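*Asks:* Build the 3D model from these lines:
(one chain, ligands or ions: 2)
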Amino acid sequence: MFENITTLSYESPCSQPGGGGPLTYDFDRSEFWRAIPIWRDIDAETFGDFRWQQRNSVTTVHRIKEALSELASSALISDIEDGLLKTPMNIRLTPYIFSRIHWENFENDPVRRQFLPLGSQFVPDHPYVMDDSLAEDGHKATPYLTHRYPDKALFLPITHCPVYCSFCTRSRVVGGSTAVKSKSTYGAKSKEWDSTFEYIRNHPNLEDIVISGGDALLLRPNQIREIGTTLLQIPSVRRIRFATKGLAIMPMKFTSDIEWVEALDDVCRLGREHMKEVALHTHFNTDREITAWTSKAMKVLSETGVRVRNQSVLISGVNDAFDCLHYTTKKLSSQLIQPYYIYLHDMVPGCEHLRTTVSKAEHLSHRLQGSIAGFNTPRMVCDAPGGGGKREISSYILYDHEIGVSAWTSPTAKPCEIFYYYDPIGKLPKEGRDLWANNSEIKRRLIKFRANAEAKAEASRT
Ligand SMILES: *Cc1c(COP(=O)(O)O)cnc(C)c1O
Ligand code: SF4
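*Replies:* Numbers count the residues shown, from 1 in each chain. Ligands and ions are numbered 1, 2, ... in the order given. Coordinates of the predicted model:
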């Protein structure tokens, strides 16, 4: 039935060799979506239309059942239903990303793992998780602007996304409410942005503005134009970036939404006239998300002159193996997408099974360095919980591997504070797991750790 489909030879998304000889990059050119029963008869032209992608996005368990038909076992469906009772995120997958999942091996599939939580895979939250792990709400300069660093700020004009990720760091506001989390979300309301523009105008030290959310992909073309031109016309703003997962989960947006690309093109032209940078920051986590559709989209984007960078999250069972990170990094680079950051998973609720340890991240970072061109080597960072900002993975001042606690300082963002990151308990050595199971012992150990960290921080300040 699918003889016209060429499946790729690799099993896992990341079975490419890490060292040695030349890599060949596989870009899936097949009509892979036809493997999903409901899209068997969908041709490439229909699949390549962003409107079709949006209209056919999968947002309910019922729809998953319908889409997969005979591929969906009742065990899978009840596991997803169970997952929905525990996750702070809504379900939303574009047909593109839905059909990048290898459903015959859904349990371990790295794409499924990012978007569709299974009840059976949940692990209790770490006692120190925080809804707003990065303390973004506390640094609000206007309702839509987080201003933490001296010369850069984060503008959040929208809280909706074209997909919803289980590991979202802004799960407290992004997408709709779920069984365990109620939220007040907002759409893009351009009438309310004036105070934010005014704030940026009045703070000439702000040179970099990140436009994120939610996802800039869902801003209308006139909103892209309005935000872009308004910001670029502020003399002190030197660079702007639109953050969107779009390229990874709906690349056809850039080949079929002509008006949106034209708006971006106009903003880029204005940027060039003023010698200012316009960038698009996207979010691929594995090489499976990079296909022939990505190449086509990148071709269009390169013509606008926009600079494209990638920010990944290090996710257990998704991309936390060296070969995977290395191959994804190289494959992104081959498409003019510059690997920029790999974030240690933030300490937010409902994704304990997806987090990994600082020491694992350090190890991966260590191996990545030198394996690719320096400018394509992503920086492995921990966004220090509590608002310390992004810190190089090896720059903690103290780390107790046994109980998985690291201490961080942040001379620029908050010079007098210490920030703590807690590794997932399930991934600690047995001694550490036992300590966390014993309330009074772990308390004693933490008090000692914090005292040592204070002393260390004090010494480094003087
Ligand atoms: C990440 C972030 C930025 C941008 O930081 P870069 O290191 O330049 O990418 C700005 N503001 C906030 C609050 C951020 O979290
Ligand atoms: S696309 Fe980004 S903001 Fe939206 S759910 Fe995913 S991680 Fe969160």
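
*Asks:* Next SSE downstream of the helix or strand encompassing S295?
*Replies:* Remark: S295 resides in helix 292-304, with elements defined by DSSP states H and E. Heading C-terminal from helix 292-304, the first helix or strand you meet, by DSSP H and E, is strand 307-314.

*Asks:* Tell me the strands beside that following strand, with direction?
*Replies:* According to DSSP bridges, strand 307-314 forms sheet pairs with strand 277-282 (parallel), strand 337-344 (parallel).

*Asks:* can you list the residues of the chain near ligand 1?
*Replies:* Contact residues, the chain versus ligand 1 (C-beta under 6 Å from any ligand atom): 146, 148-149, 152-154, 208, 210, 390. Where C-beta positions appear, they are placed from N, C-alpha and C, glycine not excepted.

*Asks:* Make CSV from those residues and add pLDDT and neighbour count to it.
*Replies:* Listed next are the residues of the chain next to ligand 1 as CSV, based on pLDDT from 0 to 100; neighbours: other C-beta atoms under 10 Å:
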residue, pLDDT, neighbour count
T146, 94, 21
R148, 91, 21
Y149, 93, 17
K152, 97, 16
A153, 97, 24
L154, 96, 22
D208, 98, 16
V210, 98, 18
K390, 96, 18
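
*Asks:* Can you list the buried residues in the longest helix anywhere in the chain?
*Replies:* Of all segments of type helix in the chain, defined using DSSP state H, the longest is helix 439-461. Under the neighbour-count criterion of 16 or more other C-beta atoms under 10 Å, helix 439-461 has 442, 445-446, 449, 453, 457 buried.

*Asks:* Now the residue of the stretch 301-450 of the chain found nearest ligand 1: which helix or strand?
*Replies:* For the stretch 301-450 of the chain and ligand 1, the shortest gap (C-beta to the nearest ligand atom) falls at K390, measuring 5.3 Å. Using DSSP H and E, K390 maps to strand 389-392.

*Asks:* who does that strand touch, helix- and strand-wise?
*Replies:* strand 379-384, strand 405-410 (3 or more C-beta pairs under 8 Å, 6 or more residues apart in numbering; DSSP states H and E).

*Asks:* can you rerun that using 6 Å?
*Replies:* Applying 3 or more C-beta pairs under 6 Å, 6 or more residues apart in numbering; DSSP states H and E, we find strand 389-392 packed against strand 379-384.

*Asks:* Parallel or antiparallel, list what pairs with the strand it packs on.
*Replies:* Assessed with DSSP bridges, strand 379-384 is paired to strand 337-344 (parallel), strand 389-392 (antiparallel).

*Asks:* Show residues contacting the helix or strand just after the last one.
*Replies:* Proceeding N to C from strand 389-392, the next assigned helix or strand is strand 398-400, under DSSP H and E. Applying C-beta atoms under 6 Å, 6 or more residues apart in numbering, the external contacts of strand 398-400 come out as 406-407, 449, 452-453, 456.

*Asks:* quick one: strands adjacent to strand 398-400?
*Replies:* Strand 398-400 is paired, per DSSP bridges, with strand 405-410 (antiparallel).

*Asks:* From the chain's centroid, how far away is the strand it pairs with?
*Replies:* 22 Å (C-alpha atoms, centre = their mean, to the nearest Å).

*Asks:* Please save the CA atoms from it in CSV.
*Replies:* Below are the C-alpha coordinates for strand 405-410, written out as CSV (Å, rounded to 0.1, in the frame of the first residue of the first chain):
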residue,chain,number,x,y,z
VAL,A,405,22.4,20.1,43.7
SER,A,406,24.4,22.8,42.1
ALA,A,407,24.9,26.4,43.1
TRP,A,408,25.2,29.3,40.7
THR,A,409,26.0,33.0,40.9
SER,A,410,25.1,35.6,38.3
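
*Asks:* Check which residues of it are buried.
*Replies:* So for strand 405-410, counting by 16+ other C-beta under 10 Å, buried means 405-410.

*Asks:* Closest one to V237 out of those residues, please.
*Replies:* S410 (24.1 Å; C-beta to C-beta).

*Asks:* That closest one contacts G386, correct?
*Replies:* No - between S410 and G386 there is no contact under C-beta atoms under 6 Å: 9.5 Å.

*Asks:* from memory Q338 sits against R309, does it?
*Replies:* Yes - between Q338 and R309 there is a contact under C-beta under 6 Å: 4.6 Å.

*Asks:* before we move on, the earlier item: packing partners for the longest helix of the chain?
*Replies:* By 3+ C-beta pairs under 6 Å, 6+ apart, helix 439-461 packs against strand 398-400, strand 405-410, helix 430-436.

*Asks:* Would you mind saying which of these lies nearest ligand 2?
*Replies:* Here strand 405-410 is closest among those (C-beta to the nearest ligand atom), at 22.4 Å.

*Asks:* Show residues contacting the closest one.
*Replies:* 358, 384, 388-389, 391, 396-399, 418-422, 449, 453, 457.

*Asks:* try it again with 7 Å
*Replies:* 358, 382, 384, 388-389, 391, 396-399, 418-422, 446, 449, 453, 457 (C-beta atoms under 7 Å, 6 or more residues apart in numbering).

*Asks:* where's I101, which helix or strand?
*Replies:* I101 belongs to no helix or strand, assigned by DSSP H and E.

*Asks:* residues contacting it?
*Replies:* 109, 111-112.

*Asks:* partner residues bridging the residue in the stretch 301-450 of the chain positioned nearest to ligand 2?
*Replies:* Of all residues in the stretch 301-450 of the chain, V313 sits closest to ligand 2, at 7.6 Å by C-beta to the nearest ligand atom. Beta-bridge pairing of V313 under DSSP bridges involves Y343.

*Asks:* In a markdown table, list the helices and strands packed on helix 439-461 along with mean pLDDT.
*Replies:* Formatted as a markdown table, those follow (pLDDT from 0 to 100):
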| stretch | mean pLDDT |
| --- | --- |
| strand 398-400 | 98 |
| strand 405-410 | 97 |
| helix 430-436 | 98 |
